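Participant: Provided below for reference: sequence and predicted model.
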Amino acid sequence: MIALGLDTSNYTTSIAWFDGRSGENQSRLLPVRPGELGLRQSDAVFAHVQGLPALAARLFAGVDTGGLEAIGVSTRPRAVEGSYMPCFQVGLSQARTLAAALGVPVVEVAHQQGHLAAALWAAGKMDLLDGPFLAWHLSGGTTELLYVEPEGWNLNCRRIGGTMDISAGQLIDRTGKLLGLPFPAGRHLDELSQAAGTEEAFRVKCPETWFSLSGAENQVQAYLRATQNPEKTAAYALRTVCLAVQAATEHAVVRHPGLPVVFSGGVSANRLLRRTLDGAVFCPPAYSTDNAMGPAILAWRSRRG
């Protein structure tokens, strides 16, 4: 039995298959003009419509769809009331069309739930889907610390911490723009920071599991003006994020002793974060970023018995 997955986020077009053990994901970053921080929703929708057929052709060329039993699709950013982005409607429309043609059910999930499922599968920790755990969803638009419990085949994600204003990804992308780096800036900032040779950072206040990153943006700008050093500025911004996440995690672990901590989302691919939070569950970078493997995994779980 296999399941397909579709995810049409504000960053990436993705389609995947999963058979309970292995799978494949085909993805394409949405095109963003130099100097801009993302796309308007209308442009993202158009890019998904244009990109999906070629990705699907590559995926279906290497998989036998004879055992297809479900199609999973991300329909909104998070499983909370009012969570909506038009770009996810592209994946939903395609999923419903395929499902009608093939006579299989559509399994609707949230983008965040898919991130967690993909991260755990890619890290070899799918067993954690069947019990409670703590998780970070760190991406371009989200910096949330979650208490996660199984809800049947799916996941119930309750926010218990994170940023109260701009996300870690926004701070990283704005720093990238400041330094003239391509969007999304995470990978480029990571590479640039490797030559910094510094451990300087702005210490964000985090008395519990919540923190603010809006002031950190001004500090990064001031640091660049003072040092005129792009490498050190990249490291300064990344270390600021890492220390805030580390502090919030430590508070959460005290509240919920014994639970594993899982990282998902594109920002979790950062090497400094992985060193700082050594001992947490991280997956390979390819499945930290937006992908359709998570919806495929959850769709498979919905049909397994």
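Facilitator: All right, it came through fine.
Participant: for the stretch 201-305 of the chain, what are the low-confidence residue spans?
Facilitator: Within the stretch 201-305 of the chain, the stretches with pLDDT under 70 are 305.
Participant: where along it do the helices fall?
Facilitator: Under the criterion DSSP state H, counting those that start in this stretch, the stretch 201-305 of the chain contains helices at 214-227, 230-255, 271-276, 293-303.
Participant: Most tightly packed of these?
Facilitator: Most buried of the helices of the stretch 201-305 of the chain by mean neighbour count (mean count of other Cβ atoms under 10 Å) is helix 293-303; its value is a mean of 28. To be clear about C-beta, it is placed using only N, CA and C from the backbone, and glycine gets the same treatment.
Participant: And that helix, what does it pack against?
Facilitator: Helices and strands touching helix 293-303, by 3 or more Cβ pairs under 8 Å, 6 or more residues apart in numbering; DSSP states H and E, are strand 2-8, strand 12-18, strand 23-29, strand 68-76, strand 106-110, helix 111-122, strand 154-163.
Participant: Tabulate these (JSON lines), appending mean neighbour count.
Facilitator: Shown next, in JSON lines, are these (neighbours: other Cβ atoms under 10 Å):
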{"stretch": "strand 2-8", "mean neighbour count": "31"}
{"stretch": "strand 12-18", "mean neighbour count": "28"}
{"stretch": "strand 23-29", "mean neighbour count": "19"}
{"stretch": "strand 68-76", "mean neighbour count": "25"}
{"stretch": "strand 106-110", "mean neighbour count": "23"}
{"stretch": "helix 111-122", "mean neighbour count": "28"}
{"stretch": "strand 154-163", "mean neighbour count": "20"}
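Participant: Turn those into TSV, columns for distance to Thr175 and mean pLDDT.
Facilitator: Formatted as TSV, the helices and strands packed on helix 293-303 follow (distance: least, Cβ to Cβ, whole Å; pLDDT from 0 to 100):
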stretch	distance to Thr175	mean pLDDT
strand 2-8	26	98
strand 12-18	21	98
strand 23-29	19	97
strand 68-76	28	97
strand 106-110	28	98
helix 111-122	23	98
strand 154-163	15	98
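Participant: Tabulate these in a markdown table, adding columns for distance to Pro207.
Facilitator: Shown next, in a markdown table, are these (distance: least, Cβ to Cβ, whole Å):
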| stretch | distance to Pro207 |
| --- | --- |
| strand 2-8 | 36 |
| strand 12-18 | 35 |
| strand 23-29 | 37 |
| strand 68-76 | 32 |
| strand 106-110 | 30 |
| helix 111-122 | 26 |
| strand 154-163 | 11 |
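Participant: Find the helix or strand that the closest residue to Cys157 other than its chain neighbours is a member of.
Facilitator: Of all residues not flanking Cys157 in the chain, Leu146 sits nearest, at 4.6 Å (Cβ to Cβ, 6 or more residues apart in numbering). Taking DSSP states H and E as the definition, Leu146 sits inside strand 143-151.
Participant: Export the helices of the stretch 201-305 of the chain as JSON lines, with columns for distance to Gln26.
Facilitator: Output for the helices of the stretch 201-305 of the chain, formatted as JSON lines (distance: least, Cβ to Cβ, whole Å):
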{"stretch": "helix 214-227", "distance to Gln26": "35"}
{"stretch": "helix 230-255", "distance to Gln26": "29"}
{"stretch": "helix 271-276", "distance to Gln26": "25"}
{"stretch": "helix 293-303", "distance to Gln26": "10"}
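Participant: Does Ala234 touch Leu179 like I think?
Facilitator: Yes. The criterion here is Cβ atoms under 8 Å, and Ala234 meets it with Leu179 at 6.6 Å.
Participant: how close does the residue lying closest to Arg187 once chain neighbours are set aside sit to Leu189?
Facilitator: Computed as Cβ to Cβ, 6+ apart, the closest residue to Arg187 that is not its neighbour in sequence is Ala269, at 7.2 Å. To Leu189, Ala269 is 11 Å away according to Cβ to Cβ, to the nearest Å.
Participant: Could you do Glu81 as well?
Facilitator: 34 Å.
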